[in-house]
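A.B. asks: got a sequence here, can you build the structure:
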Amino acid sequence: MADQELHLFSAFLAMEPTDSLIGLARECGGGSVTERVQRFIWEHCITKYAGKLHVPYLRKFLKKLIAEVELNHGDVIDELYEHYAHYMTTLKENDLEKDNARVFKYISFLFPDGCLELSRCLESRKLMVQLQCSLNMLEGDTGCSVWPSSLLLSECILSFPELFSNKSCFEVGSGVGLVGICLAHVKASKVILSDGDLSTLANMKLNLELNHLSVETDMSETTEDPNMVKCIHLPWESVSEKELQNHKPDIILGADVIYDPVCLPHLVRVLTLLLNQAKLYPDQCSGNHPVFSLGSKFSSDAKVNVTHQANANNGDASDASLCKRTDNGASNVGLKKRPTALIASVIRNVDTFNKFLTLLGEANLTIEDLTESLRPLNFLPYMKSYDRSTVRLFSISCK
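C.D. replies: Predicted structure coming up:
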């Protein structure tokens with residue numbers, strides 16, 4: 001499968017916007033959706049995955065695909081016409097309006113050329129993750145959606161596996177579990193995922209099982225099985241220090257968790273407890289796992305006026321240079337023997353983020369901006385809906 005076809009196939013399985021799919025189909029055909037491209041879509045996408053993807057999405061895609069071919073005076077292959085006619089006659093209008101439905105997506109991380117030296121790079125140069133998620137990113141189902149910060153954090157894990165392998169990792173607000181699946185892939189010694197919403201937690205467990213990972217839910221047990229991922233219910237506002245004392249993570253992770261001003265004091269309290277485990281329980285902490293640290297201090301008692309704009313083409317130029325480095329950028333990383341939190345976030349509200357900075361300062365925590373220093377490879381070149389330039393990456397640690 002050529003790269004252009006692989007991008008089209010991957011975008012289809014990820015349920016990218018249908019306009020993006022049409023654009024990728026044009027690229028495959030050298031400017032138009034040729035019969036060869038239609039045949040590829042039918043044989044590799046529709047035939048194999050029609051029973052697994054959201055039917056209203058497939059109907060919408062076929063409608064646009066047929067319109068695109070006819071607009072350019074091309075011939076639509078019979079199979080596409082017949083399949084679209086089947087949807088037209090069997091799908092009721094109220095089925096099309098169910099935007100709160102849980103659907104299956106397949107997120108394919110495509111390892112760039114020349115990166116076979118990355119540890120855990122598969123021979124196929126592709127890691128496909130199946131996820132059940134929600135089409136409704138708002139109105140109460142936010143935890144079951146795929147957010148851009150979780151995509152960037154996942155790319156970081158796959159780009160810098162040496163920073164996470166053999167480390168104990170604890171994620172707050174784990175959502176669909178994508179970050180945890182990537183941590184398990186790079187062989188983190190322990191992966192603990194958490195969420196405060198029980199429905200989200202149940203969906204997360206399903207996603208782990210879909211990706212052939214074992215799930216353990218006992219909060220008090222500790223397991224070193226690399227294929228075992230622990231899932232725990234962790235409401236930030238009520239979790240106690242005692243409940244967290246058995247967890248001694250080397251790295252705490254979070255994606256798009258800085259969004260609700262009401263939740264921020266509770267989030268900072270949880271981060272403080274996890275980051276301070278070595279101080280609170282020194283006899284129980286081995287201190288044998290160096291954790292990364294980079295420069296560029298970001299003062300937690302300062303205010304921010306967000307004007308950051310990363311490379312508009314998703315950092316392709318820097319990705320290429322990273323790919324050529326034998327250590328994949330690890331030479332920029334200093335080691336320190338204390339827990340660190342790695343938080344990826346889209347700063348949607350400056351006041352909310354400034355409140356977060358203030359709370360970190362009051363908790364005696366420091367924050368560093370790693371957005372430019374720890375720029376990941378582009379594993380999602382087909383995903384036009386994902387704007388990496390909007391996501392910022394921070395590390396948080398004790399002073």
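A.B. asks: tell me the helices and strands packed up against whichever strand or helix holds Ile367.
C.D. replies: Using DSSP states H and E, Ile367 sits within strand 365-369. Where contact means 3 or more C-beta pairs under 8 Å, 6 or more residues apart in numbering; DSSP states H and E, strand 365-369 is packed against helix 264-275, strand 297-298, helix 350-362, strand 391-398. No exception for glycine: its C-beta is placed from N, CA and C like everyone else's.
A.B. asks: contact partners of the last one?
C.D. replies: This points to strand 391-398. Contacts to strand 391-398, defined as C-beta atoms under 8 Å, 6 or more residues apart in numbering, come from residues 148-149, 152-153, 156, 252, 271, 275-276, 279, 292-294, 298, 308, 336, 338-347, 360, 364-371, 374.
A.B. asks: what angle do it and strand 365-369 make?
C.D. replies: 150 degrees (axes from the mean of the first three to the mean of the last three C-alpha atoms, to 10 degrees).
A.B. asks: and what of the third one?
C.D. replies: Using the same axes, to 10 degrees, the interaxial angle of helix 350-362 with respect to strand 365-369 works out to 130 degrees.
A.B. asks: chain center to helix 350-362, what's the gap?
C.D. replies: 24 Å (C-alpha atoms, centre = their mean, to the nearest Å).
A.B. asks: residues of it that come out buried?
C.D. replies: Across helix 350-362, burial judged by 16 or more other C-beta atoms under 10 Å covers 352-361.
A.B. asks: then it to CSV, C-alphas only?
C.D. replies: C-alpha atoms of helix 350-362 as CSV (Å, rounded to 0.1, in the frame of the first residue of the first chain):
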residue,chain,number,x,y,z
VAL,A,350,-6.1,32.3,29.5
ASP,A,351,-7.7,33.2,32.8
THR,A,352,-8.2,29.5,33.6
PHE,A,353,-4.6,28.7,32.8
ASN,A,354,-3.4,31.7,34.9
LYS,A,355,-5.4,30.3,37.8
PHE,A,356,-3.7,27.0,37.3
LEU,A,357,-0.3,28.7,37.4
THR,A,358,-1.2,30.5,40.7
LEU,A,359,-2.3,27.3,42.3
LEU,A,360,0.9,25.5,41.3
GLY,A,361,2.9,28.3,42.9
GLU,A,362,0.9,28.1,46.1
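A.B. asks: now for that helix, which elements pack on it?
C.D. replies: helix 264-275, strand 365-369.
A.B. asks: tell me where the model's unsure across the protein.
C.D. replies: Counting by pLDDT under 70, the chain shows low-confidence ranges at 92-100, 114-124, 137-141, 218-226, 277-337.
A.B. asks: all strands of it, in order?
C.D. replies: 102-110, 126-134, 168-172, 190-195, 214-216, 228-233, 251-255, 291-293, 297-298, 334-336, 340-346, 365-369, 391-398 (DSSP state E).
A.B. asks: adding mean neighbour count and distance to Phe40, write those strands out as a markdown table.
C.D. replies: Formatted as a markdown table, these follow (neighbours: other C-beta atoms under 10 Å; distance: least, C-beta to C-beta, whole Å):
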| stretch | mean neighbour count | distance to Phe40 |
| --- | --- | --- |
| strand 102-110 | 19 | 16 |
| strand 126-134 | 19 | 17 |
| strand 168-172 | 25 | 37 |
| strand 190-195 | 27 | 37 |
| strand 214-216 | 15 | 37 |
| strand 228-233 | 21 | 36 |
| strand 251-255 | 26 | 34 |
| strand 291-293 | 20 | 42 |
| strand 297-298 | 14 | 47 |
| strand 334-336 | 11 | 47 |
| strand 340-346 | 24 | 34 |
| strand 365-369 | 19 | 43 |
| strand 391-398 | 22 | 32 |
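A.B. asks: distance to Thr47 for those strands - can I get that in JSON lines?
C.D. replies: Shown next, in JSON lines, are the strands of the chain (distance: least, C-beta to C-beta, whole Å):
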{"stretch": "strand 102-110", "distance to Thr47": "16"}
{"stretch": "strand 126-134", "distance to Thr47": "18"}
{"stretch": "strand 168-172", "distance to Thr47": "37"}
{"stretch": "strand 190-195", "distance to Thr47": "35"}
{"stretch": "strand 214-216", "distance to Thr47": "32"}
{"stretch": "strand 228-233", "distance to Thr47": "33"}
{"stretch": "strand 251-255", "distance to Thr47": "34"}
{"stretch": "strand 291-293", "distance to Thr47": "45"}
{"stretch": "strand 297-298", "distance to Thr47": "50"}
{"stretch": "strand 334-336", "distance to Thr47": "50"}
{"stretch": "strand 340-346", "distance to Thr47": "37"}
{"stretch": "strand 365-369", "distance to Thr47": "47"}
{"stretch": "strand 391-398", "distance to Thr47": "35"}
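A.B. asks: so which of these gets nearest Asn207?
C.D. replies: Ranking the strands of the chain by proximity to Asn207 (C-beta to C-beta) places strand 126-134 first, at 5.2 Å.
A.B. asks: name the strands paired with the closest one and say parallel or antiparallel.
C.D. replies: strand 102-110 (antiparallel) (DSSP bridges).
A.B. asks: how near is the residue nearest to Arg269 when sequence neighbours are not counted to Ile343?
C.D. replies: Nearest residue to Arg269 in three dimensions, chain neighbours excluded: Trp236, at 7.2 Å (C-beta to C-beta, 6 or more residues apart in numbering). Plainly put, Trp236 is 14 Å away from Ile343 if you go by C-beta to C-beta, to the nearest Å.
A.B. asks: same deal with Val76?
C.D. replies: 48 Å.
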